[in-house]
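Asker: please find the sequence and the predicted model below.
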Amino acid sequence: MTLQTAFTENMSIRHPIALAPMGGVAGGALAAAVSEGGGLGLIGGGGGDREKLAPELALARDATEKPWGIGFLLWGLTPDVLAWALEFEPAAVLLSFGDPAPFADRIRAANTKLIVQVTDMDEARRAVDVGADIIVAQGRDAGGHSGGKPMGTMSFVPAVVDLAGATPVLAAGGIADGRGLAAALALGASGALIGTRFEASLEALVSAEVSKALLDAHGADTERNRTLDIARESPWPDRYPARTLRNDFLDEWRDRDDELRADEAARREYREFAARNDLTAVPVWAGQGVGLVTSVEPAADIVPAIATAAERILARLGGRPSAPG
């Protein structure tokens, strides 16, 4: 049994699984491994730092002949960076956290699939209006940054599916195994965008300490905050908090963001922690499904394992999604 959906057909891939384009985590090796495993690997392109991004794009392009792509943050992306990235011939570009309209035509002109991640219904309508080939519905369960007032994944995904009509929707947020993928498909999604599970893979650009922290954590150990972005003086807009593992720095500064902004000594202390990659202070991005992550494995093995588990669940329940016909 193979899970064939509108997403797998649209992207010409085997399994309805995409890698979340996590900045600083999803590089070329991880994206290529996910694609080799039958999913869609997406490199975390951030706002488009060419010096950091160029080797990752080249690595993915050279490491796999299967479809792969790039994810960009719209609040930091420029037309020049997008045009440059498209020269690497990605199969897809995912845009998130902003207005995709200024970039949509350029992506389509490159014969590249446009994927738009949305965090609320207004963003979902905008994605439909710009003609997104695929929409990612990101619920508040997700690790890393998300919308200011997002719905939970279980509530948000079917609402976006109903709005999107024939446009394939991927569910994102808290999905880390075959049960989550099966649930996403049951909600009407055509697949899942998965982050935290792939953060705990051999190819992820994370330290051994981060991997251990993920394996030791539970969903209740995460929280959404702006505090760590303020401490590290990140350019992320205030309207996008991030879900991370709790740590000592968060415990000290929780609900004191305005004080932290004004306290140069505290931010200097944070920079000292960051220079040592001290996990008592620096962010470890993790979604609420982190408690389901129990091992670090090759990404190319994780993809079919999740898909096979979902297939078995759906077969047991007596149903399976099918490609549109």
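Answerer: That came in fine, so what should we check first?
Asker: what ranges do the strands span in the stretch 101-250 of the chain?
Answerer: Counting by DSSP state E, counting those that start in this stretch, one finds strands in the stretch 101-250 of the chain at the ranges 113-118, 134-138, 144-145, 169-172, 191-194, 222-225, 242-245.
Asker: domains for this structure, by residue range?
Answerer: Domain assignment for the chain, taken from the TED database, gives 6-205+295-319, 208-275.
Asker: buried deepest among these, which one?
Answerer: Mean neighbour count (mean count of other C-beta atoms under 10 Å) peaks for domain 6-205+295-319 among the domains of the chain, with a mean of 21. The way it works is simple: take the backbone N, C-alpha and C, and place the C-beta from them, glycine included.
Asker: which residue, neighbours along the chain excluded, lies closest to Met151?
Answerer: Leaving aside its chain neighbours, Met151 sits nearest to Gly139 (6.1 Å; criterion: C-beta to C-beta, 6 or more residues apart in numbering).
Asker: does the one you found touch Ala159 like I think?
Answerer: No: counting by C-beta atoms under 8 Å, Gly139 does not reach Ala159; the two are 10.4 Å apart.
Asker: give me the common contacts of the two.
Answerer: Residues touching both Gly139 and Ala159 (C-beta atoms under 8 Å, 6 or more residues apart in numbering) are Met151.
Asker: between the domains of the chain, which one is nearest to Ala281?
Answerer: Closest of these to Ala281 is domain 208-275, at 3.6 Å (criterion: C-beta to C-beta).
Asker: which SS class is Ala60?
Answerer: helix (DSSP: H, G, I helix; E, B strand; the rest coil).
Asker: could I get the domains of the chain as JSON lines with distance to Ala286 and mean pLDDT?
Answerer: Shown next, in JSON lines, are the domains of the chain (distance: least, C-beta to C-beta, whole Å; pLDDT from 0 to 100):
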{"stretch": "domain 6-205+295-319", "distance to Ala286": "5", "mean pLDDT": "97"}
{"stretch": "domain 208-275", "distance to Ala286": "5", "mean pLDDT": "96"}
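Asker: how about the contacts made by the residue nearest to Met151?
Answerer: 146, 150-157, 171-174.
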